[in-house]
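Engineer: Task: produce atomic coordinates for the following.
(3 chains)
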Amino acid sequence: MKRFAGFVIKEFLHIFRDYRTMVILFGIPVAQILIFGFVITNEIRDVDLAVLDMSRDEETRGITERVEASGYFTIQKRLESPGEIEAVLRSGTARAVIVFGQRFAERLPGEDKAQIQIVADASDPNTATLVTNYLNAIFTSYEMELVKPSPVPHLIETQERMVYNPNMEGVYMFVPGTMAMILMLICAMMTSITIAREKETGTMETLLVSPLRPFQIIAGKITPYIVLSFINAITILLLSYFVFGLPVHGSLVLLLAQCLLYTVMALSLGILISTVSNNQVTAMMISMFTLMIPTILLSGFIYPVENMPPLLQWLSYIMPPRYFIEIIKNIMIKGTGILFVWQQTLVIAAMTVVFVGASVLNFKVRLE
Amino acid sequence: MEKVIEAVDMTKKFGSFVANDSLTFNVGRGEIFGLLGANGAGKTTAIRIMCGLLRPTSGKITVAGMNVYRQAERIKRRIGYMSQSFSLYEDLTILENIRFYGGIYGLPERVIRRKSQELAEKLDFWRIRNSLIGSLPPGWKQKLSFSIAVMHRPDIVFLDEPTSGVDPDTRRQFWDLIYETAAEGITVFVTTHYMDEAEYCERVCIMADGRIEATGSPADLKELYGAGSIDDVFVKIARPPRG
Amino acid sequence: MRIVWFIVEKEFRQIFRNRMMLPFIFLMPIFLLVVLVNAATLDLRRIDVALVDNDLSQTSLRLTGKFEASDIFYIPRAYTSLEDAFDRLQEGSVDMVLNIPAGFERKILREEGAQVQILIDAINALSAGLINYHSQAVVADMNRELLTGVTPESAGAGAPAIEVSHRQWYNPEMDYRIFMYPGILVILVTIVGMFLTAVNIVREKEAGTIEQLNVTPVRKYHFIMGKLIPFWIIGMFEIAFGLLFGALLYNVPVEGSLFLVFLSGAVFLFLVLGLGLFLSIISTRQQQVMFLTWFFMLVFILMSGIFTPVESMPGWAQQVNVINPFAYLIRVFRMIMLKGAELAEVQGDLISMAIFAFIVLTSATLLYRKTAAG
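Structural biologist: Residues are numbered from 1 along each chain as shown, chains lettered A, B, ... in the order given. Got it, this is the predicted structure:
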């Protein structure tokens, strides 16, 4: 045990002495959460539009004003003829063009329906769908208001409540995802690259012939990084709370415990990666390809898992960040307790056990 | 004798630390010149300055008749260098390393092929020519590094601690290679902390704490200090008798 | 120039020698691309609803029937109490609660105006907005039916009506994959190329071989070119293979000229690989350079507008995109491949990238010192 303690202290000194790496390891997560927290959002805001108004009457002006006042859109250009549509969409000046048909106000009350056409640049179908939906909603509400003064007021009214996020803040969705991604990558990369480096330079062999057992070597390597990663996790939580106004409705202790579990899981995954790589570059490449891109795309960070084709939904079950994102949203935003997240917690714990077990086995194989 | 290296007051400071303090020496063509000293005496700094890897703080230094401040890149065509760590690519084979360095020095394809064959015969590596450098024992790597460093027939070859960490037998073989090279007219500038190797040099400089303490042929130095071996000379210089 | 070729040859040998890396360089990117491109959709496919119908009248059934009849709402079961339904929302098994209070039908018949409550899990604000939009559409439809049903004459003449029609240009099928494919391809190719160039020179520094090269007469720009070209060739091959697979599997179109696509890819690769070399020259350890590269790459990727719209980003972020290689290439690829843009329309971006690449490569060359000062 004394030998083990000495080993852990040596590892600590080894890491904290290299201050350039320290700056990188502590600086990168802070910079990333700040940048991504502000930048990554799929809210529609100030999207550029163009208007082709062939009626130029009170109603079309009213609708155009309503579109502008919504805050979602900016009218970049008013077109004179249909021939100009191509140019504004092609150059990207506008994401969509609203076309008002002729004699709009005149046709509005009658059987002869008033026409609006939305011509969207669907080369980006995700944004095109959003733009179209938002515009439709604006038109519908305008239409409903025209209906209202009619003598029959017996309609169904909806009373909608946006639960958990009444102000519809984008950060509620993206900050938990950013947390999961940054913690995962920084922890896994840190350990996998460091250990791969020791293999490359041969210091690992010295350790392997020492009287320490494989499990102790792994534990010794991982302990300083647990401390380091936990500090990172707390920094990220503080930034989410103070900078992005994410609430902590649930238990803080549970939240911290979950962060700890998640970082340990990510670190053990890093160790597993290092045991299968022959040098630092390989460790890096494995981390990038198996963690970075899949985390961005498959964990529900940006694209909701339930929208994906079944095969990918199934694949997302093996993505650890998926569970952590659910846990974070539950504890911080919904304020639920362990009863609601025990399944996810168990999955992350099981993954940790599997990663550690596989790493120890790999080490043993190398020893024999 | 024609001088191929001339250094006058060569000084290198790293901040307040003086690594080379006004070194003055010269080396003649075809000579085997040894720079001796303990670890940290400033040998590597001196050799790196002459190879154009490090800019000196002051002093007048010419290598192969060219100024190290202004003509560093031209000097590089005329010299060979073998550093402390064997600078061959571990993940390339023997032949691939030869081919690469030959190509970098602008040797034509035909010459590279001929040199490869010659080296293979001389060092007897033909049957392992396609082995990776990483799989070779240190002695092999050393001989190969040296041969590659002189493959483009430089005027001078600089060897920085070429024999550290190998067995005496390999060291002797290595010195045989050095003699062959010198016989071909290539000047050899070698640093070492093995004092017995100094006996192989025609002339030596003994350095301590960044300064040159003595220069001369091994025989002259032994006579001057009344010592039986260069090792004794070195002990007398490094630890002057208390009095 | 012969010297450049010798460096290129040596780099290729080293790349192909590490057998473990080969699948990561050549297979992994294409495999991930082909699989993961399917994930990048914001299309709402289904909305699970917990229904609380305390009215159980003909009208309330008609309303819930209307929800179910739309192909997006699913009502797995109804609950008697709002608390039970809310628990389902809490645990995340439904996206929304539809609460029809008792007396719903009576109020409509008495023309008093009835209310239904819609509770939406709004953590994902965007999805919540869409769920709200779809629910409002169903209710509006119901309202229209009720109106026409009760006062048929008003529907004919009195009710104002706007007919909204849609046109989707450049991608009429609204296939998100043909939009995402080129973008993800670029990201994967860059991960491979930029990391390999970034660690390349640092590895030579760690191994000490850089010193051996520094005493040779090799010129600095020859060295930089020799380091750049192998990864550039690999990158171009991957772009070509990626596009081929895209065309075969997902019908990713190339409306404009294929030559222009490759020209933009070529300029872009010079830029990002140059950035990799630049980072490699200023770093001393592999670990440092890997983290630095990862940092810049992730920032560039997430800010490029490929996953989330650029317009939604704050002003400073949009300005940062002036130096974001991904933002340029993704815009240019989209223009050429989907809109069939010609050289004249993308030359501004291409020239910017070329200038930027020139600056990066020149600084890399200048910062690379064969003779250390210190």
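Engineer: Would you mind giving the domain segments of the chain?
Structural biologist: Defaulting to chain A. A:2-40+A:168-367, A:47-147 (automatic domain parsing).
Engineer: Can you look at chain C instead?
Structural biologist: C:2-40+C:178-367, C:47-158.
Engineer: just how off-centre is the shortest one within its chain?
Structural biologist: Using CA atoms, centre = their mean, to the nearest Å, we find the averaged C-alpha position of domain C:47-158 to lie 34 Å away from the chain's own average C-alpha position.
Engineer: Quick one: name the residues of chain B near chain C.
Structural biologist: Applying CB under 8 Å from any CB of the partner chain, we find that chain B lies next to chain C at B:14, B:51-55, B:72-74, B:76-77, B:79-81, B:83, B:85-92, B:96, B:99-101, B:103-106, B:132. Any C-beta I mention is one placed from the backbone N, CA and C, and that applies to glycine too.
Engineer: Give the helix, strand or coil label for the closest residue to chain C within chain B.
Structural biologist: Chain C sits closest to B:G103 of chain B, with a gap of 3.0 Å, by CB to the nearest CB. At B:G103 the chain is in helix, as set by DSSP: H, G, I helix; E, B strand; the rest coil.
Engineer: C:N18 versus the nearest residue to it once chain neighbours are set aside, what's the distance?
Structural biologist: The shortest distance from B:G103 to any non-neighbouring residue, by CB to CB, 6 or more residues apart in numbering or on different chains, is to C:F6 (3.0 Å). Separation of C:F6 from C:N18 (CB to CB, to the nearest Å): 20 Å.
Engineer: Kindly give the local confidence score, pLDDT, for A:A120.
Structural biologist: A:A120 is assigned 92 on the pLDDT scale.
Engineer: Spell out the secondary structure type for it.
Structural biologist: When classified by three-state DSSP, A:A120 comes out as strand.
Engineer: For it, give me its contacts.
Structural biologist: A:R95, A:A96, A:A128, A:V131, A:T132, C:H166, C:R167, C:Q168, C:W169 (CB atoms under 8 Å, 6 or more residues apart in numbering or on different chains).
Engineer: cool, and B:K43?
Structural biologist: So B:K43 contacts B:L35, B:L36, B:G37, B:D160, B:E161, B:T191, B:H193, B:M207 (CB under 8 Å, 6+ apart).
Engineer: Among those, which lie within helices?
Structural biologist: Of those, none are assigned to helices by DSSP state H.
Engineer: Out of the residues you listed, which comes closest to B:P138?
Structural biologist: Nearest to B:P138 among these is B:E161, at 12.7 Å by CB to CB.
Engineer: pLDDT score for the most centrally placed residue in chain B?
Structural biologist: Closest to where the C-alpha atoms of chain B average out (CA atoms, centre = their mean) is B:L159, at 1.9 Å. Here, the pLDDT recorded for B:L159 equals 94.
Engineer: which SSE is B:V4 in?
Structural biologist: If you go by DSSP states H and E, B:V4 is part of strand B:3-14.
Engineer: and the helix or strand just after that strand, which strands flank it?
Structural biologist: Remark: after strand B:3-14, the chain's next helix or strand is strand B:17-28, criterion DSSP H and E. Sheet pairing of strand B:17-28 (DSSP bridges) gives strand B:3-14 (antiparallel).
Engineer: buried sites along the strand it pairs with?
Structural biologist: B:V4, B:I5, B:A7, B:M10, B:T11, B:K12 (16 or more other CB atoms under 10 Å in any protein chain shown).
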